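**Student:** I would like the atomic coordinates for the input below:
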Amino acid sequence: MKVLTLLGSPRINSNTNTLLEELLKGVKKCDGEISKYKLAELKINPCIGCYKCGEIGNCIYNDEMNKLYIEFDKADVIVLATPLYFNSVSSISKVMIDRCHALWASKFLLKKPLIDMNKKREGILICTAGAKQKENGFVGALVVADLFFKSMNAKLIKNILVDNTDNIPISNRGKILKDAYNIGKGLCEF
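**Tutor:** Numbers count the residues shown, from 1 in each chain. All right, here's what the predicted structure looks like:
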């Protein structure tokens, strides 16, 4: 099993990363192969809406997003870990997600997918919020993440949504950490 993780927090020692690392401890019990990318450290140009991907089958940019397209193709499970910013994913996560338009265009417009669209993949969203959220506080991130996963034929199977981390850090939340570990370990059945 190959697990691709995408850390969308600009702060490496963040609550989001702490939760992601706990999930990965569970994955390691499966002897799963893990690839972890810190999006803040990658050079990914933002999509400019030129729609060339719909003409030529790939993005016009030759940047580090090309590594991620290859990783998407190989992955069985994709984990997007992002803080909640203005009720959605972080901007660095969204830049990467917008560049997945090339996956959509290559599949639906040109009928020549950049990645294997017959392969079944699973997606997991980890999203943390510093402030306490109201009932639907994570809905923006959930919608964006669901569409991101669909762009590569991945089904969103789990969400780990945690708010109020400014007052109660993830490191002080034993049950949530245990739940994340168990979700990672549960991937052994994949």
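
**Student:** any idea how far Ile160 is from Leu177?
**Tutor:** 10 Å (CB to CB, to the nearest Å). C-beta here means a position set from N, CA and C on the backbone, and glycine is covered the same way.

**Student:** Can you check which residues contact both of those two?
**Tutor:** Counting by CB atoms under 8 Å, 6 or more residues apart in numbering, the common neighbours of Ile160 and Leu177 are Leu19.

**Student:** What strand or helix carries the most centrally placed residue in the chain?
**Tutor:** Note on the chain: the residue nearest the mean C-alpha position is Leu80, at 1.9 Å, using CA atoms, centre = their mean. For Leu80, the element it lies in under DSSP states H and E is strand 77-83.

**Student:** go on, Ile124?
**Tutor:** strand 121-128.

**Student:** what's next to stretch 14-32, contact-wise?
**Tutor:** Stretch 14-32 has contacts (CB under 8 Å, 6+ apart) with 1-3, 5, 7-9, 11, 34, 36, 77, 79, 81-83, 124, 126-128, 130, 160, 162, 165, 169-171, 176-177, 180-188.

**Student:** Can you turn the buried part of those into a ChimeraX selection?
**Tutor:** Here is the ChimeraX command that picks out the buried ones among the contacts of stretch 14-32, judged by 16 or more other CB atoms under 10 Å:
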select :1,3,5,7,8,9,34,77,79,81,82,83,124,126,127,128,130,160,162,165,170,176,177,180,181,183,184,185,186,187
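
**Student:** What about the contacts of stretch 14-32, which are in helices?
**Tutor:** The helices, defined by DSSP state H, take in 176-177, 180-186 from the contacts of stretch 14-32.

**Student:** Output those residues in JSON lines; the columns should cover distance to Asn153 and pLDDT.
**Tutor:** Formatted as JSON lines, the ones in helices among the contacts of stretch 14-32 follow (distance: CB to CB, whole Å; pLDDT from 0 to 100):
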{"residue": "Ile176", "distance to Asn153": "29", "pLDDT": "96"}
{"residue": "Leu177", "distance to Asn153": "30", "pLDDT": "97"}
{"residue": "Ala180", "distance to Asn153": "25", "pLDDT": "97"}
{"residue": "Tyr181", "distance to Asn153": "27", "pLDDT": "96"}
{"residue": "Asn182", "distance to Asn153": "26", "pLDDT": "95"}
{"residue": "Ile183", "distance to Asn153": "21", "pLDDT": "95"}
{"residue": "Gly184", "distance to Asn153": "22", "pLDDT": "95"}
{"residue": "Lys185", "distance to Asn153": "25", "pLDDT": "93"}
{"residue": "Gly186", "distance to Asn153": "21", "pLDDT": "92"}
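
**Student:** got those residues as TSV, with distance to Lys155 columns?
**Tutor:** Formatted as TSV, these follow (distance: CB to CB, whole Å):
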residue	distance to Lys155
Ile176	23
Leu177	25
Ala180	19
Tyr181	22
Asn182	19
Ile183	15
Gly184	17
Lys185	19
Gly186	15
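
**Student:** Perfect, that will be all.
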